[in-house]
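1. sequence-free structure coming up:
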């Protein structure tokens, strides 16, 4: 582990962009944890006499149609958005990694089933599939998570399958098998931990996509239920006000959304550099 | 690329993109003679009798077909043209003679369909037969005027058409001037009929069999409809506008931008806020007309606990943030229906103000009396298709209900499911709108409060005493009528199964050079009266 | 070769079957009742039941599925409720609009991303490399509908340099004679300058919004692929033998690095077709994405099924073509591996 840490420190110092992404990530995490505590206003409280006010000292990001403080809403929305992203990514990982590793390790019919399943999902326009799932199951946070996980599943399954396939006959696996470990144990005790780093990269990259996906669903009306603050919904609501000059309603949540996705994407890149042995010098 | 050269090249790109397309000299002229409408929703067929014809298709039908009669015009309170319910005027029929048992119409002799075939009484009969036979909306609307079976319609000769009445009904004559009883080219339709489809319903979806003031030049559902004036039209004053283009623009912001930039001529489909702001624009005319016999309301399902308790319903009526809704949701673009002196009817007009106002203390007291001092949980549903109004409205309401302990979860229901959900009648609490074509209180109540429990009685409200009053009002006049109407309005306010919020306005935004706009009860645009200078 | 293509085709069959099943299940799960829609206002429960019978919705799911597959085989995708048109014709008329937009976006994107990627690889670790990474990542981080809205507001409404977002052509320009359905190609073939210029103007904003979104995967792949080639022995040999750096990069390295980029292009194309859905809504683009969103929101089964099927088949075909091209270009790749 220590060489990896040392390598990480090297990559971070070599790559300021990745360091920046880590900083950003810490900030988002903090906002997600502390958001409701540090928000200056109640994100749900309306105040129609203060509706549609531009950014000011009291309301940094201005107020929306119902006079709610946009800064507080953006801040509090961090938790929902990150929850959706984390939950869907973890779900996709669990589904994808387990089935992918099994497919790659055992081959045969399990490989064929997983492969076909992944192919079928990949053959759909992914966003439309997510739309369909949410429309069919109803627009709740759980269903958004499920839909996002399903469309990300093939990515995990494929990576896991390929990695497991490579490692199935290498020395340490062979050794584990010979020392009397059962297949399941070899699979989950030896192969899975070994492909974790590469899966982490995948998770970070799909995290951004998960947030974008949830925002897109909100934009066409299939997102989180009102009045819960969520970045995508806020952009969608604000979109109707751009033309009349109230740009702040869409811009701030939109910019925050972008920053979060940006952060996860950079992080994914950075993680890849860290675990990529070719960069280890 | 250096910054400077980048800027230079990008501005060069900008000028080249901005260069007005000067390729066709005819363009400016055709622009001048063309009316460009931008709308949110596409018509789905050309035939108003068609199964599932949507509201935009009523507009297509209205402008491309003739009816026997049409309504006159009057000025409304703000001096705008408004259809006149009390005056029936000639369209295909030049005059008519009404007796207690029948009406006889003389048809215009030189009227022709778009293909040049003369319009005869045979076509009228065939079209009326079709409307009462095919079922669904057209048949239902005909029945509202006691037009029920083909035997009622007689083609006396080529230019004389008679309708025999099945009963005395004050709606029979007016019902023949609504959009449904259009006159269609019977021979053309019959040619395209099949054994399983004797009324050529499939064919008329995409093919026009009318003789109205406009023909359809191009038909691309979901994108655009291009109309050309029918220069042979005889059934009214020749329309001024030669071409009309209806473009579907899904984004509300873009519709507004097109109007503000002067690229589009007219639109109904903007938000309340846009209309209230565009009133100040020197370039646009905004006309807002109260939609007759219509309201946005909160409905509570009286078949379910706790809304079976009238005290709970009254408590909700006192908890609604009426003023906030009026300001922050409607931007003043509607007529308040709250805050009357009391809950007594003030006349036979409908809708009218009820006596409830926002009074949280009173609401709490009523809720406690009903045995729900600690409130309860419920679901508040709305139609996602109308989210622009419904979403902020329900958020305000949710917050206000929270103050009296009612925890409401907001449930958005996608457009097409909405009808199915209404039919199931198991949503506890909804917000919705309803408007009737024919401007009578009893017509509204017949659909929305009567114990027959039609789909629009979204509260499943049943009250035999009220039913008796509604039925009485339908077939009486004078003081007896007035007493009946006041009776059921009083009951509706006292029992509040539905809480009227406001009467919506039908707003339209148009360029200053567009004049002649007329409000119609069907809330579609009539191109025939418009002028573009 | 033919045998290889056929066997590759055979592997697509299970995917197509899977897609048909999933599509069917998904649309049956959609809430909403087409029968209630057709029955219209003031429908009685009997009337709705009658219409349900007419539409075949009272049959069991397996029966409905058999009917559905039968219809599919005869090329019948049903009729849309909200536009009243057969789904097949609508998709056929709308597909060129989406394809043209997507292709233009892809060309713009590749035109920017590939040079950027090469540059980033050549100057690995420099500020150019970092900038390239930040810029492309920022692009893919923007919700595409947000970019679209912003573009329409800034370039049409504020700066007034872009045309109105009203679809493929200005309202007063007539579309070119139909040959391929691609306005740019059709107008170029018929020498219709006005329509060509008009459709190019209309394409500019939506295509850029989409291109920005797809820079990252292309640039990243180009960079990665270039890096691995540049690190390989034959390049080292080439450099050692004194060839000009320019020749080494472009003639030797780039040529060899381009293969994985081609694969990525295919992936990005299908990814963009999906992103179309939102962009088309913003720009009133009469493509299949807009059609699908409207249908989905109104629980209009037939177009949703038709759209998803078309896209899936398109995707599978595209991948097939890429695999074949790949096999032709690179003899080392055998299709059966």
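-> Alright, I've got the coordinates. All values reported here derive from a predicted model rather than from experimental measurement.
2. Residues of the stretch 51-200 of chain A that sit close to chain B?
-> Selection of the stretch 51-200 of chain A residues close to chain B by CB under 8 Å from any CB of the partner chain yields A:51, A:65, A:66, A:67, A:135, A:139. C-betas here are computed from N, CA, C, even on glycine.
3. The first one and residue B:322: what is the separation?
-> Same thing as residue A:51. Distance of residue A:51 to residue B:322, computed by CB to CB, to the nearest Å: 16 Å.
4. Same check on residue B:452?
-> Counting by CB to CB, the gap from residue B:452 to residue B:322 is 30 Å.
5. More neighbours: which of these two?
-> Neighbour count, other CB atoms under 10 Å in any protein chain shown: between residue B:452 and residue B:322, residue B:322 has more, with 21 against 12.
6. what's near enough to touch that one?
-> Shown in contact with residue B:322 (CB atoms under 8 Å, 6 or more residues apart in numbering or on different chains): B:336, B:338, B:339, B:356, B:357, B:358, B:501.
7. any idea which of those residues is closest to chain C?
-> Checking these against chain C with CB to the nearest CB, the nearest one is residue B:501 at 21.7 Å.
8. Check the secondary structure at the closest one for me.
-> Following DSSP: H, G, I helix; E, B strand; the rest coil, we place residue B:501 in the strand state.
9. for the closest residue to it other than its chain neighbours, what are its contacts?
-> What sits nearest to residue B:501 in space, not counting adjacent residues and going by CB to CB, 6 or more residues apart in numbering or on different chains, is residue B:296, at 4.8 Å. Counting by CB under 8 Å, 6+ apart, residue B:296 touches B:334, B:389, B:393, B:431, B:432, B:433, B:500, B:501, B:502, B:504.
10. Just the ones of the residues you listed in strands?
-> Within these, residues falling in strands by DSSP state E are B:334, B:431, B:432, B:433, B:500, B:501, B:502, B:504.
11. Between which two of these is the distance greatest?
-> Spatially, the most separated pair among the ones in strands among the contacts of residue B:296 is B:334 and B:432, at 14.7 Å (CB to CB).
12. More neighbours: these two, which one.
-> residue B:334 (23 against 20).
13. Quick check: residue A:248 touching residue A:62?
-> Yes. Counting by CB atoms under 8 Å, residue A:248 does reach residue A:62; the two are 4.0 Å apart.
14. which residues are in contact with both of these two?
-> Taking CB under 8 Å, 6+ apart as the criterion, residue A:248 and residue A:62 both touch A:54, A:55, A:70.
15. quick revisit: looking at the residues of the stretch 51-200 of chain A next to chain B, which has the most residues close by?
-> For those, neighbours tallied by other CB under 10 Å; top is residue A:135, 27 neighbours.
16. out of everything not next to it in sequence, what's closest to the closest residue to chain C within the stretch 1-150 of chain A?
-> Distance from chain C to each residue of the stretch 1-150 of chain A (CB to the nearest CB) is smallest for residue A:120, at 3.3 Å. Nearest non-adjacent residue to residue A:120, counting by CB to CB, 6+ apart: residue C:18, 3.3 Å away.
17. quick revisit: what's the closest of the ones in strands among the contacts of residue B:296 to residue A:273?
-> Nearest to residue A:273 among the ones in strands among the contacts of residue B:296 is residue B:431, at 53.3 Å by CB to CB.
18. contacting residues around that closest one?
-> B:296, B:297, B:298, B:299, B:380, B:381, B:382, B:390, B:393, B:394, B:397, B:501 are the contacts of residue B:431 under CB under 8 Å, 6+ apart.
19. So what's the residue count around residue A:234?
-> Residue A:234: 26 neighbours (other CB under 10 Å).
20. Quick check: what element follows whichever helix or strand it is part of along the chain?
-> Element membership of residue A:234 [criterion: DSSP states H and E] is helix A:231-242. Going down the chain from helix A:231-242, the next helix or strand is helix A:248-275, by DSSP H and E.
21. That next one near chain C anywhere?
-> Yes. Helix A:248-275 reaches chain C (CB under 8 Å from any CB) through A:250, A:254, A:257, A:258, A:259, A:261, A:262, A:265, A:266, A:269.
22. Any buried residues in the helix or strand hosting residue C:103, and which?
-> For residue C:103, the host element (DSSP H and E) is helix C:87-122. Across helix C:87-122, burial judged by 16 or more other CB atoms under 10 Å in any protein chain shown covers C:87-88, C:90-91, C:93-106, C:108-110, C:112-114, C:116-122.
23. can the first helix or strand past it going along the chain be found next to chain B?
-> Per DSSP H and E, the first helix or strand lying C-terminal to helix C:87-122 is helix C:127-141. No. Judged by CB under 8 Å from any CB, helix C:127-141 makes no contact with chain B; its nearest approach is 12.9 Å.
24. I'd like the mean pLDDT over helix C:127-141, please.
-> Mean per-residue pLDDT for helix C:127-141: 86.
25. helices or strands next to that helix in the packing?
-> In terms of contacts (3 or more CB pairs under 8 Å, 6 or more residues apart in numbering or on different chains; DSSP states H and E), helix C:127-141 is packed against helix A:16-38, helix A:192-219, helix A:248-275, helix C:87-122, helix C:193-230.
26. Selection in ChimeraX covering whichever of the shared contacts of residue A:248 and residue A:62 are buried, please.
-> Typed into ChimeraX, the next command selects the buried ones out of the shared contacts of residue A:248 and residue A:62 (criterion: 16+ other CB under 10 Å):
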select /A:55,70
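27. So which of the shared contacts of residue A:248 and residue A:62 are in helices?
-> residue A:70 (DSSP state H).
28. rewinding a little: partners of whichever strand or helix holds the residue nearest to residue B:501, with directions?
-> For residue B:296, the element it lies in under DSSP H and E is strand B:294-300. Sheet pairing for strand B:294-300, assigned by DSSP bridges, gives strand B:429-435 (antiparallel), strand B:498-511 (antiparallel).
29. Return the helix or strand in chain B with minimum mean pLDDT.
-> helix B:3-18 (a mean of 39; mean pLDDT, DSSP states H and E).
30. Residue B:225 is in contact with residue B:218, correct?
-> Yes. The criterion here is CB under 8 Å, and residue B:218 meets it with residue B:225 at 7.0 Å.
31. Give me the more crowded residue out of these two.
-> Taking residue B:218 and residue B:225 together and counting by other CB under 10 Å, residue B:225 has the greater number of neighbours (27 against 13).
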